[in-house]
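# Next input, structure requested:
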Amino acid sequence: QVQLAESGGGLAQPGGSLRLSCVASGFSLEAYTIGWFRQAPGKEREGVACITGRETYVPYSVKGRFTISRDSVKNTVYLQMNNLKPEDTAVYYCATTCRPTVSPAKYWGQGTQVTVSQ
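All right, here's what the predicted structure looks like:
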């Protein structure tokens with residue numbers, strides 16, 4: 001079965017850390033651009049990290065706190081989130097695109113909930 005699956009979400013305190021995983025089944029992530037996105041209730045979807053080959057990008061809003069990386073052996077892309085803030089609360093998704101409005105993703109994961117609260 002060809003799919004992406006996120007995991008690693010949960011409840012974290014402000015200032016805490018979480019590492020999200022995006023595991024591919026049925027295809028190799030190595031050949032794909034992978035983006036992490038999030039969507040909070042009532043808000044638009046927002047891109048928070050992108051990896052293309054060995055190049056990575058994170059927007060200013062999470063720069064210095066979020067890091068994206070790839071493990072080709074495990075066929076997994078990670079999103080390391082440090083110094084979490086309540087405004088990071090959202091459902092986080094990975095997808096085989098970094099610009100879904102320009103280049104629609106072939107695959108999206110089902111999402112994992114991240115809640116940052118005392």
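# Name the helix or strand for the most centrally placed residue in the chain, please.
A centroid search over the chain (Cα atoms, centre = their mean) returns Trp36, at 2.9 Å, as the residue closest to the centre. Trp36 is located in strand 34-39, with elements delineated by DSSP states H and E.
# so what strands line up beside that strand?
Strand 34-39 has the following strand partners under DSSP bridges: strand 46-52 (antiparallel), strand 90-95 (antiparallel).
# and of those strands, who's closest to Ala105?
strand 90-95 (3.9 Å; Cβ to Cβ). Heads up, the C-betas are built off the backbone N, CA and C, glycines and all.
# then the next helix or strand after the closest one to CSV, C-alphas only?
Next along the chain after strand 90-95, taking DSSP H and E as the criterion, comes strand 112-116. Presented in CSV, the C-alpha positions along strand 112-116 are these (Å, rounded to 0.1, in the frame of the first residue of the first chain):
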residue,chain,number,x,y,z
THR,A,112,-0.8,14.0,13.6
GLN,A,113,-2.1,16.4,16.4
VAL,A,114,0.4,18.6,18.2
THR,A,115,-0.9,20.4,21.3
VAL,A,116,1.2,22.8,23.2
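# Just the buried positions in strand 112-116, please.
For strand 112-116, a neighbour-count test (16 or more other Cβ atoms under 10 Å) marks 112, 114, 116 as buried.
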